[in-house]
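>>> The sequence and its predicted three-dimensional model are supplied below.
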Amino acid sequence: MGIEIPEALQWAAKYVVGAGDWPEGDETAMRRMADAYNTAATTLDDLGDDAQLQVNQLLSALDGQSADAIEAFWKKLGNNDGALSALTGLLTD
């Protein structure tokens, strides 16, 4: 449920906004969306931590070109500067 400006005060809201009408929106829905984004970010962060453990175990069992390729891929995807971290940052900004 958004903030409702009473009909009698609509004219005053135009002066507060500066021009045009008071913006319409649903603050409660926006808060629910923010909660969902934060939950998604936390889940991605947890998955990234779990995946890091698995990649570390995998790399300890491999060597050569396969290990190098997996390590390079993981640096792009899961490293602190990787895509998962970037996505988590976008969800929490």
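Thanks, I have the structure now.
>>> neighbours of Leu84, just the number please.
Leu84 is flanked by 20 other residues according to other CB atoms under 10 Å. All C-beta atoms are positioned from the backbone trio N, CA, C, and that covers glycine.
>>> got it, and Val17?
11.
>>> Kindly report the same for Arg32.
Residues lying near Arg32 (other CB under 10 Å) number 11.
>>> same question, the one 4 residues further on
Each residue near Ala36 was counted by other CB under 10 Å, and the total is 11.
>>> again, but for Ala51
By the criterion of other CB under 10 Å, Ala51 has 14 neighbours.
>>> Isn't it up against Gly82?
No: with contacts counted by CB atoms under 8 Å, Ala51 stays clear of Gly82, the gap being 10.3 Å.
>>> Can you pull out the low-pLDDT segments for this structure?
For the chain, the stretches with pLDDT under 70 are 1-2, 19-23.
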